Structures are given as C-alpha cells and as structure tokens.
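Trainee: Quick check, what structure comes out for this input:
(one chain, ligands or ions: 1)
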Amino acid sequence: MKITENCPLKGRNTFGMDVTARCLIDYSCPEDLQALAGELQQPVLVMGGGSNLLFMDDFKGTILHSLIEGIEIAGESDDSVYVRVGSGVTWDDFVAYAVLKGWWGIENLSAIPGDVGAGAVQNIGAYGVEIKDVIETVQTVSLEDGTCRDFSMEECEYAYRQSIFKNSLKGRYAVTYVIFRLGLKPCPKLGYGALRQAVEDPTLKNIRSAVIAIRNSKLPDPQVLGNAGSFFMNPVVPESDFERIREMYPDVPSYPAGEGMVKVPAGWMIEKAGWKGRSLGPARCYEKQALVLVNTGGATGADIRRLADTITADVRNLFGITLSTEVNYI
Ligand code: EPU
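Mentor: Modelled structure (predicted):
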C-alpha cells in the first residue's frame, strides 16, 4: 500500500486536470482496504484510471486507487471459462489477454480506457456489448467495516452506464476482483453496422482490430488531447418525443430502448445544434465525434462544464430534451 499526501492528479485523470488530492492511497490487496476501513478521511472517492471523471477543484478527502493485479482461471465448463481479474488490471490488457487465449465476450470492448474495477462500476459498453453481459460476480470490501462482500451480477443493479456502486452504495464499497464468464466457442456480436462492415472473417483478433480502428477514427487519444470519452449519455425518450424530432429531421438515427421508448444519439443532436468542432475557451466539442468534449490545453473543470452546460441548453432549445452527463463531476 502506498499513501501520498497532497498527491498531484494531473497524470491520473484523462482530462489532464491539474488538481491535487488531500490523500491518495494505492491499495494492493483486499487486506489493505480492511486495515483502512472506517479510518479514512472523508469524502472518499474510489477511482480507476480516471477516464470517466472531471475534477472541478482539488479533492479534499481520500482517493482510493486499486493496484490489485492478476488474471486467473477460477473454473471451467464445456462452453465457458470463469476468470478472476484484479480490479487494478488495465481493462484493455485483460481484453488483449482474452483474445489471445481464445475467450469470447469482451472483444467488442477493446481499447476502452480505464481499469477492470472501474469498468464494473461504470458498466462500460460499446458496439452492442456491456461489461455486465459477461460479469458473474463483483468482489468488494466494505469501506465502513472491512467485511468482504460478493455481489452477483443481478445484485449490481446494472443499467446503461449505471450500477448500484454509483447509486445507493456510492462510496461504500471498493472493488477488489471481478469474476467474468467468457465463452470458449465462437460467438461474434456484429449487430453494430460499422463493425459488421469492417469484419470479413469474424475471428477474435479481427473483431478486436476492427473495433480499435473504428475507435481510433472517432475518439481522441487522451495522451494527445485530454478527454473522457463520451461526455453525455444517449437519452432514452418516449416515442412521442422521438416522433416530434423525426418530423423535423426525418434522418434522425435511433435504437429501440424497451416498450414505447427510443434511444437517440446525443452526438447527433449536438451536431445538429451546431456544436461539432466548436470551442468555448480552451474546451472544444470534438470535430470527429460531437459526444466527446476535449481539453485543448490548460482548461479547468469550470471551462469544460461551461461548454457542457451551453451545449445542454442549446440541445434543449432545439429538441426539448435535456442531456445527462456520463462523466462524473468531482
Ligand atoms: N453521430 C452524429 N454526429 C456525431 C456523433 C454521432 O451524427 O458527432 C451519430 C452517428 O452517425 C451514429 C450515431 O450518432 O448514427 C451513434 O454514434 P456512434 O456510433 O459514434 O456512437 P455513440 O452513440 O455516439 C456510444 C457510446 C460509446 C461507444 C459507441 C459505440 C454512449 C454515451 N457512448 O456512442 O461509448 O463507443 O456508442 O458503441 O453510450 C463512452 O461511453 O465513453 C463511449 C465512447
């Protein structure tokens, strides 16, 4: 375990915000968390790769960051393998490993930044797959009393970019390991049009390469241009609202989202509102994917938020729909 007081966070958040944490603790095993439980200076933030948050200011409490490593087989059946992965493992290292081993289920989630533990909290998703589709169990330690608790996939209350760990149990448990159930038999998921077109022979390797190529063509590299992927969620709206939009714009893209509901891509709405490629001070709406806000250099959390709020207001004026952020303001 490593404890750093007044820890600089610039290299630990993909927006590149130049802020500090009062205390940052890198933990290496569940026992580290058990030793700290109940003693942490509040507020407590459990952070992964810092790829989905926006620091508005210095953080006055304790940040916990997992260094728990390891990818091990925890069981096998005829068609599945159960794999236990440390919460501090870089998500894409695990995807690369699974592809190498011939394990199916996470290849569509290639190249998503962040760690395994944060991925399970955020329910990361892309190209028709969400991490919850392959999660069996999330193993945690209570930050209040140090007890270990395993959550089944159902108990995690997963929804679109949501879980119990972001809602009713926010800040109360830290993830130590995640157990995944991956397929041993080919099971390509090519429902997403652009992916289907890019993959001729659907091997694990080819799907992974195609996903990486599509992502690279649309999403900025945080090493070059600070960002946190999609800044907003795609809103799910009643069919009546969607019909109103379609009357204005017959070409509006959409996805079914359950009984009487439709998911409308926020990136498309932001583009129609005229924001794609436009800047407000040092914050910019990315020119290749309007759902991404970028730090063009020296932006503060307030700069990014001003752009986000302005975009939200313009989208509301044009479509009558209020966007919610996927990125968490801290
Ligand atoms: N679109 C536009 N203009 C834009 C951006 C998108 O018209 O500037 C249109 C596209 O043409 C397409 C539709 O909107 O018809 C959807 O765009 P895209 O396929 O790029 O995906 P998205 O809905 O914008 C979501 C996820 C991404 C994920 C992709 C692919 C959310 C908030 N975002 O984006 O996830 O990679 O689908 O599955 O659900 C992330 O969460 O950080 C992330 C990158």
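Trainee: CA atoms for contacts and neighbours, from now on please.
Mentor: OK.
Trainee: The stretch 201-330 of the chain against the ligand: which residues are in contact?
Mentor: Within the stretch 201-330 of the chain, the positions adjacent to the ligand are 229-230, 232-234, 253, 265, 267-268, 271, 289-291 by CA under 6 Å from any ligand atom.
Trainee: 8 Å instead?
Mentor: Residues of the stretch 201-330 of the chain lying close to the ligand by CA under 8 Å from any ligand atom are 215, 218-219, 228-234, 252-254, 264-272, 276, 286-292, 326.
Trainee: hmm, which of those are the buried ones?
Mentor: Buried subset of these (neighbour count, 16 or more other CA atoms under 10 Å): 215, 219, 228-234, 252, 264-272, 276, 286-287, 289-292, 326.
Trainee: Give me the subset of those residues lying in helices.
Mentor: The helices, defined by DSSP state H, take in 215, 266-272 from those.
Trainee: which of those residues lies closest to residue 37?
Mentor: Using CA to CA, residue 215 is the member of these that lies nearest residue 37, at 39.0 Å.
Trainee: For the nearest residue to the closest one once chain neighbours are set aside, list the residues it contacts.
Mentor: What sits nearest to residue 215 in space, not counting adjacent residues and going by CA to CA, 6 or more residues apart in numbering, is residue 111, at 7.7 Å. Taking CA atoms under 8 Å, 6 or more residues apart in numbering, we find residue 111 in contact with 91-92, 211-212, 215.
Trainee: which SS state does residue 111 fall under?
Mentor: coil (DSSP: H, G, I helix; E, B strand; the rest coil).
Trainee: All the helices of the chain, residue numbers only.
Mentor: In the chain, the segments counted as helices under DSSP H are 30-36, 91-101, 116-122, 193-198, 204-218, 239-248, 266-272, 301-319.
Trainee: Name the stretch among these that sits most buried.
Mentor: Most buried of those by mean neighbour count (mean count of other CA atoms under 10 Å) is helix 116-122; its value is a mean of 27.
Trainee: Residues contacting that helix, please?
Mentor: By CA under 8 Å, 6+ apart, the residues outside helix 116-122 that reach it are 47-49, 66, 85-91, 131-132, 138, 161-166, 175-178.
Trainee: okay, the angle between the strand of greatest length in the chain and helix 91-101?
Mentor: If you go by DSSP state E, the chain has its longest strand at strand 173-183. Relative orientation of strand 173-183 versus helix 91-101 (axes from the mean of the first three to the mean of the last three CA atoms, to 10 degrees): 20 degrees.
Trainee: before we move on, the earlier item: can you redo the ones in helices among the buried ones among the residues of the stretch 201-330 of the chain next to the ligand as CSV with distance to residue 20 and pLDDT?
Mentor: Listed next are these as CSV, based on distance: CA to CA, whole Å; pLDDT from 0 to 100:
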residue, distance to residue 20, pLDDT
215, 30, 97
266, 32, 98
267, 31, 98
268, 35, 98
269, 35, 98
270, 32, 98
271, 34, 98
272, 37, 98
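Trainee: neighbouring contacts of the lowest-mean-pLDDT helix or strand in the chain?
Mentor: Across the helices and strands of the chain, mean confidence by mean pLDDT, DSSP states H and E is lowest for strand 255-256: a mean of 90. Strand 255-256 is contacted from outside by 262-264, using CA under 8 Å, 6+ apart.
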